[in-house]
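Visitor: With the input below, show me the fold.
(one chain, ligands or ions: 1)
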Amino acid sequence: MSDGNIIGNQNFSLISKAARLSVAPMMDWTDRHCRYFHRLLSKEALLYTEMVTSPAVVHGKRDQLLAFSDAEHPVAVQLGGSDPKELSEATRISAEYGYDEVNLNCGCPSDRVQSGAFGAVLMKSPDLVAECVAEMIAASPVEITVKCRIGVDEQVPHEVLPDFIENVSAAGVRRFTIHARKAWLQGLSPKENRDIPPLDYPLVHQIKQTWPDLHISINGGIATLDEAEKHLAEGLDGVMIGRAAYHNPADVLCEADRRIYGTGEDTDAAQAVRDMLPYIESHLSQGGRLHQITRHMLGAFAGRPGARAWRRKLSEEANRDGAGTELVLAALSEVTGFTE
Ligand SMILES: Cc1cc2nc3c(=O)[nH]c(=O)nc-3n(C[C@H](O)[C@H](O)[C@H](O)COP(=O)(O)O)c2cc1C
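Guide: Residues are numbered from 1 along each chain as shown. So this is what the prediction gives:
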C-alpha cells in the first residue's frame, strides 16, 4: 500500500488504512441504522452508504439522503451519476455533511441506473468517468474513489479494465474497489449479476501488480476474514465484503480490528446489541419504528445457538405498534439464555 496517498494538500493515509476492510455499499441495506450497528462490531472497518444519485443529492431531500451519526466514521458516501458538473456539486454537498470519502459507482447494473447512463455502463466510457472524477476531485476536500466491475457485456476484461484504470487514475483517483466479475447489462437481473458472471480474482491482483502505487481493493464472493487475509497477504490493499457482512456481521466484523488492523479487542455481538439500545430509544422517541433498525440486526447471531429464535422474534414482532427495546432484550435472552 502506498502509505500516505497525498493528493494536493490532502493526506488520505488514514482512510486508506480503514479501507483494508470495508462493508460494501448496498441499496436498502447499508442505511445509517445498519452502519451504526456495524460500527459497534468494528471500530476500524470502512463503511459505505447505499448509493445515492447525484440528482437526488443536488435537488432532493438532502438530510434524508445524507445525514448520519458521528459514530459511523470512517464512512464513505457512494454517488451514482454521470454528469460531471452535477457530480461535482453532489460531491461538495456530501463533503459538507462530513463524509470521509466520496465513491463513484461504476458497477451497478440495475435498469434504473442504466437508463440514467451511470453505474456499470460507465465501464464503456472511461473518458467520461475521468472527466467526472476530475470535477469531483476539484470540488472535494475528501478522497474520491471508484468502485467498478472488470467489464460489461462483450468487453474483454483483460483489455478494458487496465484501460479504465489507466484513464481514471490519470485523472487523479488513487483508490479503486474492483468487483471481480463482469456485469451483463442485458438479460440478467441485478441479483443475478452478483452471482452468475464468473469471478476473476487473478485479474484484480494483476491490476495491483501493474499499478503498485494505487490502492486496490477486491470485492465479490468473499465471505470470511480468512479469505480477506489471504488477499491482503497476496498484495492487495483492501477487501470489500457485501452480502456476508450483512447476513453474518459478527463473523466478518467481530475479529476484524485485531486481525485486519492489528488494533483493539474482539467485539461481541450480544454486547453490540445492548449498545444499540440507546440508539434505538432515540430513534423511537423521534417517531421511528423498531423494525427499521432491527431488520439489519437479524443476522447478528447467525450460526449460533438461539439464532433462529432471535431472528423469528424480531422479524415477527418488531413491526408491531409500540414495539420497543424490551422486545430486543427478550429476543436477546433467546441467544444468551439470560433475561436482562
Ligand atoms: C442488496 C444489495 C444492494 C447493492 N447495492 C449496491 C449499491 O448501491 N452500489 C454498489 O456499488 N453496489 C451495490 N451492491 C453490490 C455490492 O456492493 C457488492 O459489489 C456485491 O454484493 C458483491 O460483493 P459480495 O459478494 O461481497 O456481496 C449491492 C448488493 C446487494 C446484495
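
Visitor: From now on I want contacts and neighbour counts done on CA atoms only, so please keep to that.
Guide: Fine.

Visitor: For this structure, just list every one of the strands.
Guide: With strands called from DSSP state E, the chain shows them at 6-7, 10-11, 21-23, 46-53, 75-80, 101-106, 143-148, 175-179, 215-219, 238-241.

Visitor: The longest one pairs with which strands, parallel or anti?
Guide: I take that to be strand 46-53. strand 21-23 (parallel), strand 75-80 (parallel) (DSSP bridges).

Visitor: Mind putting the ones you listed into TSV with mean pLDDT and mean neighbour count?
Guide: TSV is the format used below for the strands paired with strand 46-53 (pLDDT from 0 to 100; neighbours: other C-alpha atoms under 10 Å):
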stretch	mean pLDDT	mean neighbour count
strand 21-23	98	27
strand 75-80	97	26
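
Visitor: With respect to C132, which of these lies nearest?
Guide: strand 75-80 (10.9 Å; C-alpha to C-alpha).

Visitor: So which bits of the stretch 101-250 of the chain are right by the ligand?
Guide: When proximity is defined by C-alpha under 6 Å from any ligand atom, the stretch 101-250 of the chain lies next to the ligand at 105, 107-108, 179, 194, 219-222, 241-243.

Visitor: what two of these are the furthest from one another?
Guide: Most distant of those, by C-alpha to C-alpha, are N105 and I222, 19.5 Å apart.

Visitor: For T53, see how far away D83 is.
Guide: Between D83 and T53 the computed distance is 11 Å (C-alpha to C-alpha, to the nearest Å).

Visitor: re earlier: and of the strands paired with strand 46-53, who's closest to the ligand?
Guide: Of all the strands paired with strand 46-53, it is strand 75-80 that lies closest to the ligand, at 7.0 Å by C-alpha to the nearest ligand atom.

Visitor: The closest one relative to strand 143-148, how many degrees between them?
Guide: In terms of direction (axes from the mean of the first three to the mean of the last three C-alpha atoms, to 10 degrees), strand 75-80 departs from strand 143-148 by 60 degrees.

Visitor: show me where pLDDT drops low in the stretch 201-340 of the chain?
Guide: Filtered on pLDDT under 70, the stretch 201-340 of the chain yields the residue ranges 338-340.

Visitor: Same check on the stretch 1-150 of the chain?
Guide: Along the stretch 1-150 of the chain, the model assigns pLDDT under 70 to residues 1-11, 111-116.

Visitor: Around the residue in the stretch 51-200 of the chain positioned nearest to the ligand, count how many other residues there are.
Guide: Ranking the residues of the stretch 51-200 of the chain by distance to the ligand (C-alpha to the nearest ligand atom) places M51 first, at 3.9 Å. Neighbour count of M51, defined by other C-alpha atoms under 10 Å: 23.

Visitor: need the contact list for it.
Guide: 25-27, 77-80, 105 (C-alpha atoms under 8 Å, 6 or more residues apart in numbering).

Visitor: how about a cut-off of 6 Å?
Guide: 78-79 (C-alpha atoms under 6 Å, 6 or more residues apart in numbering).

Visitor: what does A331 give?
Guide: 310, 313.

Visitor: From the ligand, how far off is it?
Guide: Counting by C-alpha to the nearest ligand atom, to the nearest Å, the separation of A331 from the ligand is 25 Å.

Visitor: Begin at 43, not 1, for the rest of this chat.
Guide: Noted, 43 is the first residue going forward, which turns the last one into A373.

Visitor: List the contacts of G348.
Guide: Contacts of G348 by C-alpha under 6 Å, 6+ apart are 376-377.

Visitor: Ok, L227 next?
Guide: For L227, the contact set (C-alpha under 6 Å, 6+ apart) is empty.

Visitor: more neighbours, N147 and I264?
Guide: Legend: neighbour count by other C-alpha under 10 Å for N147 and I264, higher for N147 (27 against 18).

Visitor: Is the more buried one bridged to anything, and to what?
Guide: Bridge pairing for N147 - DSSP bridges - gives K189.

Visitor: Surely it and I186 touch.
Guide: No - between N147 and I186 there is no contact under C-alpha atoms under 6 Å: 11.1 Å.

Visitor: Please enumerate residues in contact with stretch 133-150?
Guide: Taking C-alpha under 6 Å, 6+ apart as the rule, stretch 133-150 contacts 117-122, 161-162, 164, 178, 181-182, 184-191.

Visitor: What is the end-to-end distance of that stretch?
Guide: Distance across stretch 133-150, first residue to last, is 19 Å (C-alpha to C-alpha).

Visitor: Show me which residues of that stretch are buried.
Guide: Across stretch 133-150, burial judged by 16 or more other C-alpha atoms under 10 Å covers 133-137, 140-150.
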